[in-house]
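Asker: Output the structure for:
(one chain, ligands or ions: 1)
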Amino acid sequence: MRIDIITVLPELLESPFSHSIIKRAIDKNLVEIHVHNLRDYSTDKRHRRVDDYPFGGDAGMVMQIEPIFAAINHLKSERNYDEIIFTSPDGEQFSQKEANSLSLKENLLILCGHYKGIDHRVREHLITKEISIGDYVLTGGEMAAAIMTDAIVRLIPGAIGDEQSALSDSFQDNLLAPPVYTRPAEFNGWRVPDVLLSGNEKLIKEWQMEQSLERTKRLRPNLLND
Ligand code: ADE
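Answerer: As a prediction, this is how the structure comes out:
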């Protein structure tokens with residue numbers, strides 16, 4: 001799989017992909033992640049500007065279509081993209097289901113939004129999907145791109161050592177994950193549930209399912225209706 005990200009702040013995306021599971025997935029050649037500076041495609045070679053004042057005289061700057069068109073076209077000339085995603089609070093809400101679906105794709109292109117907005121023609125003509133990571137407004141789409149990339153990449157087979165552990169994540173079957181514990185079995189008078197120490201795999205599985213259901217009903221009942 002390959003993920004390309006177009007941004008005006010490539011530095012913001014250095015750290016999220018340089019550690020832990022994402023870095024391992026890159027090192028194992030399970031995924032390539034390429035971050036592109038939108039300013040490299042600016043028509044203004046001197047100041048490398050990629051934004052301008054909005055028509056109609058509103059406050060705030062607007063991302064211009066020309067550099068975005070050039071960047072997307074350049075990347076599209078090299079490969080076909082399954083989706084060209086724009087990060088925006090207006091988008092469809094990101095979910096585990098969406099992460100699962102995107103993790104099966106070959107090539108993804110993510111365009112990070114910035115400034116007050118983006119020339120609407122980009123949204124009408126150049127992208128295939130708008131995704132929001134939640135009902136709040138970030139200063140830019142970079143964190144959203146990093147979060148989506150993380151959720152997608154960890155699902156690629158082989159990215160997580162124990163593949164079972166991605167399948168038993170919260171949300172994977174619309175249920176929250178059951179509680180987990182590790183040694184010591186008792187700390188400060190707080191004991192791990194006896195069933196987990198019983199060695200009885202069937203009882204443990206039953207207990208985990210009960211816990212998942214109880215936690216989902218109590219904490220996220222909407223998941224059970226979905
Ligand atoms: N850009 C600004 N806010 C955002 C959000 N909530 N999700 C995705 N991209 C964004």
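
Asker: end-to-end on stretch 17-36?
Answerer: End-to-end distance of stretch 17-36 (Cα to Cα, to the nearest Å): 14 Å.

Asker: Tell me how this protein divides into domains.
Answerer: 2-153, 169-225 (automatic domain parsing).

Asker: And these: which comes nearest residue 159?
Answerer: domain 2-153 (4.2 Å; Cβ to Cβ). All C-beta spots, glycine's among them, are computed from the backbone N, C-alpha and C.

Asker: about what we covered before: tell me which of the domains of the chain is the most buried.
Answerer: Each of the domains of the chain was scored by mean neighbour count; the highest is domain 2-153, a mean of 17, by mean count of other Cβ atoms under 10 Å.

Asker: follow-up on the earlier one: would you reformat the domains of the chain as JSON lines and include distance to residue 161?
Answerer: JSON lines is the format used below for the domains of the chain (distance: least, Cβ to Cβ, whole Å):
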{"stretch": "domain 2-153", "distance to residue 161": "9"}
{"stretch": "domain 169-225", "distance to residue 161": "14"}
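
Asker: for the protein, where's the lowest mean pLDDT among helices and strands?
Answerer: Across the helices and strands of the chain, mean pLDDT, DSSP states H and E gives its lowest value to helix 163-167, namely a mean of 69.

Asker: Downstream of that one, the next helix or strand is which one?
Answerer: The C-terminal neighbour of helix 163-167 among helices and strands, as given by DSSP states H and E, is strand 186-187.

Asker: Over to the residue nearest to residue 175 when sequence neighbours are not counted: give its phi and psi.
Answerer: In space, residue 175 comes closest to residue 212 once its chain neighbours are excluded; the distance is 4.4 Å by Cβ to Cβ, 6 or more residues apart in numbering. Backbone geometry at residue 212, expressed as degrees, to the nearest 10, gives phi -60, psi -50.

Asker: Also residue 34?
Answerer: On the backbone of residue 34 - angles per degrees, to the nearest 10 - the values are phi -120, psi 130.

Asker: related to what we said a few turns ago, gap between the residue nearest to residue 175 and the ligand?
Answerer: 28 Å (Cβ to the nearest ligand atom, to the nearest Å).

Asker: Tell me who's in contact with that residue.
Answerer: Shown in contact with residue 212 (Cβ atoms under 8 Å, 6 or more residues apart in numbering): 175, 176, 177, 178.

Asker: wait, which of those is closest to residue 86?
Answerer: residue 176 (30.0 Å).

Asker: And that closest one, what's its pLDDT?
Answerer: pLDDT for residue 176: 95.

Asker: Please look at it and residue 215 and confirm they touch.
Answerer: Yes. If you go by Cβ atoms under 8 Å, residue 176 and residue 215 touch, sitting 4.6 Å apart.

Asker: Fine by me, thanks again.
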